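[1] Below are the sequence and a predicted model for it; my questions follow.
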Amino acid sequence: MSNKPFDYIIVGAGSAGCILANRLSEQSDCSVLLLEAGGSDRSVFIQMPSALSIPMNTQKYNWHFESEPEPFLDKRRLHCPRGKVLGGSSSINGMVFVRGHAKDFDHWETLGASNWGYRYCLPYFRKLESWMHGDDEYRGGSGPVAVNNGNNRQNPLYNAFIEAGGQAGYALTKDYNGAQQEGFGAMQMNVHRGRRWSTANAYLRPAMKRSNLTVRSGVLVERIDMENGRAVGVSYKHSGRSVQVRAQREVILSAGSIGSPHLLQVSGVGPADVLEKAGIPVQQHLPGVGANLQDHLEFYFQYRCKQAITLNSQLGLISKGMIGARWLMARSGLGATNHFESCAFIRSREGVEWPDIQYHFLPAAMRYDGQLAFDGHGFQVHVGHNKASSRGWLHARSADVRDKPEIVFNYLQTKEDREGFRACVRLTREIIKQAAFDDFRGNEIQPGEHVQSDAEIDAFVRQAVESAYHPSCSCKMGIDDMSVVDPETCVHGVDGLRVVDSSVFPSIPNGNLNAPTMMLAERAADLIKGIVQPPLDVPIIMDSQWQHRQRASVLA
């Protein structure tokens, strides 16, 4: 294996890294090296959308991080899966495509991420996607990432959920990634012709035909090599052999919201006290590395279904085999969707300006590991309070990158977060009790009708919530003392080093994180190449009376 120098070295072939590899290698006069610890993503369980629970729970494809006992969740440890495979977390996630609210990105600018407001991000959201209904001023129609609605809500429960939202007094939205996020509507996914459309499929494979792009998988980057305050390359292990490779222009970390801050710390870039405790020589004191850690929590609201129309009848071995066979032959049927085909974004209370609660509806009652929640038929809605005020951290334990970091999210640390989840319980019950569900709704299984008071809801939530698998913000972008990268994604105080992944988000958006991570990578690639896309100004539909009401059937 040659250790010749490259212009750019990208660490991590995930949601961001695959995009950077593609866009930077478009320049024929520069060489790009992409390094990935995992291996091939060719497995049928990765490519078949409905099999998403398998790679998400398989250590071959997953770093399988775990939090420390969470102090506000009855000391529970929560699973924190991160992709270890070509495509990274885009190869093991739920394929849900949500940009976030326009106001989320405007908020980034108030936190010091200049020129990252929605008007600057929108051109890159449009650039990356190929929306099933074509392009308009909000959506892109010819990008690498296919976006659609899966099987188009063939199960009647999907539309019952949307109708119930309208009956409860909420707005409906035709496109939550367009002018109006708030409301109930069809959910979008990045699936193309029945296959998971990860960044490995959408970006990396076309780029691998270029002679100036080298992809090395199965390699573990152990540290960033630095000389006189500059990142000059990386050291990694491959098949037991130590390799050093130099970057003539830049090293770019795209190892994710856990991997990037951890690699910075083991390389001597981070909080001096944390590094000294771990026995790591300090190269650059940056107290924000590993701080500001954020995530989304969710729980399942589950009901029995009075009609035998749910996916619970499709989870036996014979049914799964038939679904798999149809998918292998035609890339169609129940195997060609993630089954999250309707959704909603609402506000938890009056005085909240844009949505802070998200719903994923599923016409089945089951766990993320694919196991049945109970015998018989049921349905569930995943619900979470998405604008958490709690903040966590991660710390390297030693100078050995193999030693997984100490991770504490501090979930539900604040009163505001606990109140947000109380609203999730009470508002969801009201929605499911609407007439649209009368023909389907059986007994409430979880939380259970006995869970009513604040104390009972809090106790249930502490035991039932799970991570929505959206860790982020651990190398935040900005200009204050706790920021790690500047608005150009360059690491403060270290030349030739960038971080480009969800760890640089200043705050977590309201929605799943794969789409904004891809947008970030598209824009960062242009920043690296010195390209400036003009911002786009479009109207955004919001409730003009948000200060005085929690819901409105028509937003204005």
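    Sure thing, it's come through. Numbers count the residues shown, from 1 in each chain.
[2] rest of the way, CA atoms for contacts and neighbours
    OK.
[3] show me where the stretch 201-350 of the chain has strands.
    213-217, 220-227, 230-238, 241-253, 269-270, 284-285, 297-305, 342-346 (DSSP state E, counting those that start in this stretch).
[4] The third one to strand 220-227, inter-axis angle?
    Between the axis of strand 230-238 and that of strand 220-227 there is an angle of 150 degrees, by axes from the mean of the first three to the mean of the last three CA atoms, to 10 degrees.
[5] With the first one instead?
    For strand 213-217 against strand 220-227, the angle by the same axes, to 10 degrees is 130 degrees.
[6] Show me what strand 213-217 is in contact with.
    Here strand 213-217 makes contact (CA atoms under 8 Å, 6 or more residues apart in numbering) with 21, 25, 31-40, 86, 207-208.
[7] Could you identify which of those residues has the most neighbours?
    Greatest neighbour count in the contacts of strand 213-217, by other CA atoms under 10 Å, goes to residue 86: 31 neighbours.
[8] my read: that residue touches residue 42, true?
    No - taking contacts as CA atoms under 8 Å, residue 86 lies outside contact range of residue 42: 9.0 Å.
[9] sorry, back to before: counting only strands, which of the contacts of strand 213-217 make the cut?
    Residues from those lying in strands, with DSSP state E as the criterion: 32, 33, 34, 35, 36.
[10] Surely the fourth one touches residue 18?
    No - under the criterion of CA under 8 Å, residue 35 lies out of contact with residue 18, with a separation of 10.1 Å.
[11] got the buried residues for the helix or strand bottoming out on mean pLDDT in the chain?
    Ranking every helix and strand in the chain by mean pLDDT, DSSP states H and E puts helix 317-330 at the bottom, with a mean of 88. Buried residues in helix 317-330, defined by neighbour count with 16 or more other CA atoms under 10 Å: 320, 323, 324, 326, 327.
[12] between those residues, which is nearest residue 124?
    Among these, residue 327 lies closest to residue 124 (CA to CA), at 32.1 Å.
[13] quick one: the helix ranked longest in the chain to strand 342-346, angle?
    For the chain, the longest helix by residue count, based on DSSP state H, is helix 415-432. On the basis of the same axes, to 10 degrees, helix 415-432 is oriented at 130 degrees to strand 342-346.
[14] which strands and helices sit next to the helix or strand following helix 415-432?
    Sequence order places strand 441-446 as the next helix or strand after helix 415-432, per DSSP states H and E. Other elements packing on strand 441-446 under the criterion 3 or more CA pairs under 8 Å, 6 or more residues apart in numbering; DSSP states H and E are strand 297-305.
[15] Sheet-wise, list the partners of the strand it packs on with their directions.
    strand 378-385 (antiparallel), strand 441-446 (antiparallel), strand 466-467 (antiparallel) (DSSP bridges).
[16] Looking at these, which is nearest to residue 525?
    Counting by CA to CA, residue 525 lies closest to strand 466-467 out of the strands paired with strand 297-305; the figure is 29.9 Å.
[17] tell me how far the closest one is from the chain's mean position?
    13 Å (CA atoms, centre = their mean, to the nearest Å).
[18] ok, and what's touching the next helix-or-strand element following it?
    Reading on from strand 466-467 to the C-terminus, the next helix or strand found by DSSP H and E is strand 497-499. For strand 497-499, the external contacting residues (CA under 8 Å, 6+ apart) are 230-231, 250-254, 260, 475, 485, 489-491.
[19] pLDDT averaged over strand 497-499, what's the number?
    For strand 497-499, mean pLDDT rounds to 98.
[20] Over to stretch 474-492?
    Averaged across stretch 474-492, pLDDT comes to 98.
[21] contacts for that stretch?
    For stretch 474-492, the external contacting residues (CA under 8 Å, 6+ apart) are 111-116, 257-258, 260-261, 286-294, 393, 496-500, 503-507, 524, 527.
[22] out of the residues you listed, which are inside helices?
    Filtering those for helices - DSSP H - leaves 257, 258, 260, 261, 524, 527.
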